[in-house]
Structures are given as C-alpha cells and as structure tokens.
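build me a model from this:
(chains A, B, C, D, E and F)
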There are 4 protein chains.
Amino acid sequence: MSTNNIDAGHLKAFIERLERLDEERRGLVGDFNAVLDEAAGTGYDKKILRKIVSLRRQDAHKRREEEEILDLYLANLGMS
Amino acid sequence: MSTNNIDAGHLKAFIERLERLDEERRGLVGDFNAVLDEAAGTGYDKKILRKIVSLRRQDAHKRREEEEILDLYLANLGMS
Amino acid sequence: MSTNNIDAGHLKAFIERLERLDEERRGLVGDFNAVLDEAAGTGYDKKILRKIVSLRRQDAHKRREEEEILDLYLANLGMS
Amino acid sequence: MSTNNIDAGHLKAFIERLERLDEERRGLVGDFNAVLDEAAGTGYDKKILRKIVSLRRQDAHKRREEEEILDLYLANLGMS
DNA sequence: TCAGATAAAATCGCGC
DNA sequence: GCGCGATTTTATCTGA
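Residues are numbered from 1 along each chain as shown, chains lettered A, B, ... in the order given. This is a model prediction of the structure:
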C-alpha cells in the first residue's frame, strides 16, 4: 500500500506493454523472413528483394525530406 | 501475357507483402518508443527500461534453451 | 621481452592511430560548424544548409545503391 | 546579374565547403574503421578498442576541465 | 569471419 | 540552461 507499490505497479505495467510490443515486432521480423524464404523458393533473390524494399523506403523518405526543406524555405521567406 | 508478366505480378505481390510487414514492424518500433517516452514522463529511465526488457527476454530465451537441453537428456535416457 | 610486451606495443600503436584519426574527425566537425556559423553570419539559415548537404548526400547514396541493384539484377540474369 | 545570382554563388560556395568537410570527415570515419578491422585481424576486440579511445578522450577532457577550474581558483586568489 | 542491416545509446543543436 | 528532437555513434544480429 506504500508509494513503492504503486510505482512498482506502474513499472510492471510499462514493462508488460513494452514486452508485448517487442514480441509483436519480433514476430513481424519472423514473418518478413518467412516471406523472403517463400519468394526465394520460387526463384527470387533475397538480397534483391531486400534491396528493392529498402530503395522504395528511401524514396519515400527522401520525398518527405524534400517537402520539409521546401517548407523550411517557405517559412524562411515568410511565405508559410 | 508472357511469362515475364506473371513473374512481375509475383514479384509485385511479394514486395507488397514485405513492405506491409516492414511498415508494421516500424510502426511497432514507434509504439515502443512512445511507451518509453510515456514512462520517461512519469520519471522512469528509458535506458533502464530497455535493459529490463532485454534481460527478461534473454532470461526467457535461456530458460527455453535449458528446457530443450533437458528434453534432449530425457529423450536420450528414454524417459521422454 | 615477453609476448605480452609485444602485444602491449601493438595495442598502444593501434590506440594511437585511432586517437589521431578521431581527433582529426572532431577537428573537421569543428570546421564544419565554423563554416555554418560563417554562412549564418551572411544571412543563411543553418538548418537549411544542413538539410541541403544531407539531401545531396542521400542523392549520391541512392544513385550508388541503384547501380548496385542493377548489377545484382544483371548478375542474376547471367549478364554480368 | 541580379542580387539573387550573387546569393546563389555564395550559397553554392558554402555548400561546397560544407560538403568537402563532410566528405573528409566521413573518410576519416572509414579510416578509423579500417584500423579497427586491422586490429581485429590481429586478435583485438573492436568494441574494447572503441571503449578505450572513448574513455581516454573523456579522461583528457576531464583533466582539461580540472585544469581550467584550477586556473580559475588561482586567478581568483590573485596567483595567476 | 565479414559485411550489411537494424537497434540501441549517446551526442548535439535548437527553442523555450 | 534544459528538455526535446534530430543526428551520429555504438552495438547487435543476420546472412553470405
């Protein structure tokens, strides 16, 4: 019933939420690799598939960054 | 309608599945960090929380391995 | 004259080389920031300058990666 | 021939100086890692080598700070 | 072992 | 001057 208990309860709850998310994440990594294996089974090259996913993500990222810099310019010119 | 088209279709499907999983994974990483931030907001130390999650995962992993070894021993002794 | 001494000598030499490189690197970071300050002094926005440098580096990086993936495809098709 | 052109020229010059410095910095990071690899090849542990360099830098930093404080004290006592 | 990708930790620069 | 977000650096993990 002390403050410590309450804190411990909080801590426990946080840890449990973190562990749940971490497990889910690890599950998805497993799924990702399973899909890679499946694709490899039908003749695709895993390395290439990873590269494609990576490049496409980078594209999206760069596009977003370019928009940001445009915003910066506009803000700088008092046009935002 | 050539074989190439079919392959392209397969490839596209694989890429999409991979991207979906990758995005979900990244989403979970975001959620994880959000929980960390929330916990930090109530006074916990992020680094320590991460460490706890990591240690508990390793514990679980070690426990599982030890059980496996035990199973092997038992099987070996005809006691499984 | 023991093996330990020889190892110690090697270790010392490695550490010194590493420290020299690290110091040079830190010097360049200082120079970089000095140029940023200078540019800021003539009215440019540091944040934008950083962004430009970063975007241009990403461009170069992506271009290189795209060449790599092309090579991968070609190798995969036996055309390398 | 407008003011904009002059600015653009300035901007270009600044960007080029920044990129040169950034590239040099990245080159040194590469060299640093190359030395680490070389050391690893003769049996040293990269992680530990990094740690040593980092600790020694912190030591040096702390020593410098302590000297500064000492200088302050001395100046304050009219003994500088 | 090696490199490449990912995750984790530390550092830095900005705004309040 | 300090938190906060972004960047950089360090460490881990995986596949070749």
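
how is chain A divided into domains?
By the record's domain assignment, chain A is partitioned as A:1-43, A:45-80 (automatic domain parsing).

nearest to residue C:35, out of those?
Closest to residue C:35 of these, according to CB to CB: domain A:45-80, at 18.8 Å. Where you see a C-beta, it was placed from the backbone N, CA and C, and this is true even at glycine.

ok, residues contacting stretch A:36-54?
Residues from elsewhere that reach stretch A:36-54 (CB atoms under 8 Å, 6 or more residues apart in numbering or on different chains): B:10-11, B:14-15, B:18-19, B:22, C:65, C:68-69, C:72-73, C:76.

how near is the spatially most central residue of chain A to residue B:30?
Using CA atoms, centre = their mean, the residue of chain A that lies closest to the mean C-alpha position is residue A:25, 9.1 Å off. Computed as CB to CB, to the nearest Å, the residue A:25 to residue B:30 distance reads 10 Å.

would you mind giving the domains of chain A as TSV with mean pLDDT added?
Listed next are the domains of chain A as TSV, based on pLDDT from 0 to 100:
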stretch	mean pLDDT
domain A:1-43	83
domain A:45-80	89
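
any chance of a markdown table for the ones you listed, columns distance to DNA strand F?
Converted to a markdown table, those look like this (distance: least, CB to the nearest atom of the strand, whole Å):
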| stretch | distance to DNA strand F |
| --- | --- |
| domain A:1-43 | 5 |
| domain A:45-80 | 5 |
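
could you report the neighbour count for the closest residue to residue A:18 other than its chain neighbours?
The shortest distance from residue A:18 to any non-neighbouring residue, by CB to CB, 6 or more residues apart in numbering or on different chains, is to residue B:53 (5.0 Å). Neighbours of residue B:53 under the rule other CB atoms under 10 Å in any protein chain shown: 20.

which element is residue B:53 on?
Assigned by DSSP states H and E, residue B:53 belongs to helix B:46-76.

does that helix come close to DNA strand E?
Yes - against DNA strand E, helix B:46-76 shows contacts by CB under 7 Å from any atom of the strand at B:46, B:47, B:50, B:51, B:54.

need the residues of chain A near chain C, please.
When proximity is defined by CB under 8 Å from any CB of the partner chain, chain A lies next to chain C at A:45, A:47-48, A:51-52, A:54-55, A:58-59, A:62, A:65-66, A:68-69, A:72-73, A:76.

count the residues that sit near residue A:78.
Neighbours of residue A:78 using other CB under 10 Å come to 6.

SS state for the residue nearest to the centre of chain A?
Classification of residue A:25 using DSSP: H, G, I helix; E, B strand; the rest coil returns helix.

residues touching the residue lying closest to it once chain neighbours are set aside, list them.
Using CB to CB, 6+ apart and skipping residues adjacent in sequence, the residue nearest residue A:25 is residue B:28, 4.3 Å away. Residues in contact with residue B:28 (CB under 8 Å, 6+ apart) are A:21, A:24, A:25, A:28.

quick one on the thing from earlier: do I have it right that the residue nearest to the centre of chain A meets residue B:32?
Yes - look at residue A:25 against residue B:32 with CB atoms under 8 Å: they come within range, at 7.0 Å.

gap between residue A:45 and residue C:72?
7 Å.

any of the residues of chain A next to chain C buried? List them.
A:48, A:51, A:52, A:69, A:72 (16 or more other CB atoms under 10 Å in any protein chain shown).

secondary structure element for residue A:44?
Counting by DSSP H and E, residue A:44 is part of no helix or strand.

now do the same for it: its pLDDT.
Note on residue A:44: pLDDT of 90.

any idea how many residues pack against it?
Residues near residue A:44, counting by other CB under 10 Å: 19.

do residue A:38 as well
12.

where does residue A:79 land in three-state SS?
Reduced to three states by three-state DSSP, residue A:79 is coil.

what residues are up against it?
Per CB under 8 Å, 6+ apart, neighbours of residue A:79: none.

which ones are touching the residue of chain A found nearest chain D?
Distance from chain D to each residue of chain A (CB to the nearest CB) is smallest for residue A:73, at 11.8 Å. Contact partners of residue A:73, counting by CB under 8 Å, 6+ apart, are residue C:48.

identify the residue spatially nearest to residue A:69, adjacent ones excluded.
residue C:51 is the one closest to residue A:69 (CB to CB, 6+ apart), at 4.7 Å.

need phi/psi at residue A:78.
Phi and psi for residue A:78, reported as degrees, to the nearest 10, are phi 70, psi 30.
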